[in-house]
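> Have a look at this prediction, sequence included:
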Amino acid sequence: MNATQEKLREEFDAYVAKDKKIEPKDWMPDGYRKTLIRQISQHAHSEVVGMLPEGNWITRAPSLQRKVILLAKVQDEAGHGLYLYSAAETLGVDRADLIDDLLSGKAKYSSIFNYPSLTWADMGAIGWLVDGSAIMNQVPLCRCSYGPYARAMTRVCREESFHQRQGYSIMMELMKGTKDQIDMAQDALNRWWWPSLMMFGPSDKNSTHSSQNMKWNIKRFSNDELRQRMVDMTVPQAELIGLKIPDPDLKWNEDTGHYDFGEIDWVEFNNVLSGNGPCNNERLEARNKAHDDGAWVREAALAYAEKKKTKE
Amino acid sequence: MSDKNKNWPLWEVFIRSRQGLGHKHVGSLHAADAEMAIGNARDVYTRRQEGVSIWVVPADKIIASAPEDSDALFDPANDKIYRHPTFYVLPDEVNHM
């Protein structure tokens, strides 16, 4: 790094430390740009792949109302992906390249979407827990130092709260039902609880990107802090409707004012992350198929636009 | 890898949230032409009555000032505090002027 670069870097760090915002054309360190491109595009991919487990249940939603609600939610996820790709592009990357990286398996997306959605109750558990964890992660990002990301996250968070409430409402409805329906809700919680807690990422002692991202105000709270908040918030919600959290070590701690909870299965976490989850292949195949099947539409639209232009 | 010439161009989107307010930048999207850009902007940026009017502008047609010119462009206003009403101290009797 030469002297000018070093000076710019120092000014940048001091500016960001004062909680000020960076906009697309401002000077920024390469590391800041790279980290944001990685994080924002992974986030966009997660929204897009996140449509698949829920899309699975649109045709089988139990009522017309639940069907239109689920459609609206899945459409929101597509929208969130688009807000985020738009934010990523302000950093000088091409959206098509980002999408290529998703389709080739080079880019990562949230591991949670590599679990299957087996029953209707999974729509409840996903909305309540997966969107719940996402909100917990995303609310602090509304104050991220990079303007376009912060603005995209503000829109996303406003919409996510409908997602979480509709999920909880599905669980509430099932818990008022027959024994089979109650069992179905409990089974969904049993399967989604731990993966939802894994969404906060590795524990603080093993997290690689955390400390620099904290200094740059990209990240505000540690993985473990946010995970604890999610547990504290969710346990009473489960109890209220008669669901049991599948963790024998879970108990209220008077001294800390938080719930103590059991150790996460990090072997499973790393396994799904490295591509061996139950649905990794299926998700990528579905994305690739949608992309390939849509190729003629993209080409036709462009050809039509060109033709119109020459006529003008 | 994708062929760059086959990609839809980028459009910047501006939304008037209600009558009486100006259009505000909300983000960008890709579309083959202006008509599709309006349609996509409606789906992406106004799913909850966020707007009553949409502008789409080809991203490469926007001319922006450069951050490094900020001093030259905006600093000269710094020392002209007499342009602000609070610069003038008036007797209490006329303080609502």
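On my side now, so go ahead.

> residue boundaries of the strands in the chain?
Picked chain A for this. For chain A, applying DSSP state E gives strands covering A:251-253, A:258-260.

> oops, I was thinking of chain B
Using DSSP E, strands in chain B cover B:10-16, B:23-30, B:53-58.

> Nearest to residue B:83 among those strands would be which one?
Each of the strands of chain B has some distance to residue B:83 by Cβ to Cβ; the shortest is strand B:23-30, at 25.9 Å. C-beta coordinates here come from the backbone N, C-alpha and C atoms, glycine included.

> who does the closest one touch, helix- and strand-wise?
helix A:64-89, helix A:147-175, strand B:10-16, helix B:34-45 (3 or more Cβ pairs under 8 Å, 6 or more residues apart in numbering or on different chains; DSSP states H and E).

> can I get these in CSV with mean pLDDT and mean neighbour count?
Listed next are the helices and strands packed on strand B:23-30 as CSV, based on pLDDT from 0 to 100; neighbours: other Cβ atoms under 10 Å in any protein chain shown:
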stretch, mean pLDDT, mean neighbour count
helix A:64-89, 97, 20
helix A:147-175, 96, 20
strand B:10-16, 98, 20
helix B:34-45, 97, 18
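
> Tell me which of those lies nearest to residue A:312.
helix B:34-45 (11.3 Å).

> Report the angle between that closest one and helix A:147-175.
60 degrees (axes from the mean of the first three to the mean of the last three Cα atoms, to 10 degrees).

> Can you tell me which helices and strands helix B:34-45 packs against?
helix A:64-89, strand B:10-16, strand B:23-30, strand B:53-58.

> rerun at 6 Å
strand B:10-16, strand B:23-30, strand B:53-58 (3 or more Cβ pairs under 6 Å, 6 or more residues apart in numbering or on different chains; DSSP states H and E).

> Which one, of the ones you listed, ends up nearest to residue B:81?
Nearest of those to residue B:81, taken as Cβ to Cβ: strand B:23-30 at 29.2 Å.

> thinking again about what came up before, same list, the helices and strands packed on strand B:23-30, but as JSON lines with distance to residue B:22 please.
Listed next are those as JSON lines, based on distance: least, Cβ to Cβ, whole Å:
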{"stretch": "helix A:64-89", "distance to residue B:22": "21"}
{"stretch": "helix A:147-175", "distance to residue B:22": "17"}
{"stretch": "strand B:10-16", "distance to residue B:22": "7"}
{"stretch": "helix B:34-45", "distance to residue B:22": "16"}
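
> distance between the helix or strand of chain A with the lowest mean pLDDT and the chain's centre?
Least confident helix or strand, chain A: helix A:210-215 with a mean of 86, by mean pLDDT, DSSP states H and E. Taking Cα atoms, centre = their mean, to the nearest Å, the mean C-alpha location of helix A:210-215 is offset from the chain mean by 19 Å.

> same deal with stretch A:46-53?
Stretch A:46-53 has its C-alpha centroid displaced from the chain centroid by 9 Å (Cα atoms, centre = their mean).

> Is chain B within reach of it?
No: if you take Cβ under 6 Å from any Cβ of the partner chain as the test, stretch A:46-53 misses chain B, and the best it gets is 12.3 Å.

> Now do the end-to-end distance for that stretch.
From its first residue to its last, stretch A:46-53 covers 12 Å (Cα to Cα, to the nearest Å).

> Then stretch B:89-97?
11 Å.

> those helices in chain A, which residues are they?
A:3-17, A:30-49, A:51-55, A:64-89, A:95-104, A:121-125, A:131-138, A:147-175, A:179-198, A:210-215, A:223-240, A:266-271, A:280-293, A:295-311 (DSSP state H).

> now the longest one against helix A:64-89, angle please.
Think helix A:147-175. Using the same axes, to 10 degrees: helix A:147-175 against helix A:64-89 is 160 degrees.

> residues near residue 55, how many?
No chain was given, so I picked chain A. 16 (other Cβ atoms under 10 Å in any protein chain shown).

> look at chain B instead
16.

> same question, residue A:228
By the criterion of other Cβ under 10 Å, residue A:228 has 20 neighbours.

> swap in residue B:83?
Count around residue B:83 with other Cβ under 10 Å applied: 7.

> again with residue B:24
12.

> outside of stretch A:188-198, which residues touch it?
Here stretch A:188-198 makes contact (Cβ atoms under 6 Å, 6 or more residues apart in numbering or on different chains) with A:112, A:115, A:121-122, A:125, A:129-130, A:133, A:227, A:243, A:246, A:264, A:269.

> Show me which residues of that stretch are buried.
A:188-189, A:191-198 (16 or more other Cβ atoms under 10 Å in any protein chain shown).

> for stretch A:240-256, same thing?
A:243, A:245-247.

> Same question for stretch A:19-31.
Residues A:21-22, A:28-29 are the ones in stretch A:19-31 that count as buried (16+ other Cβ under 10 Å).

> Among those, which pair sits farthest apart?
Across these (Cβ to Cβ), the longest gap, 15.6 Å, separates A:21 and A:29.
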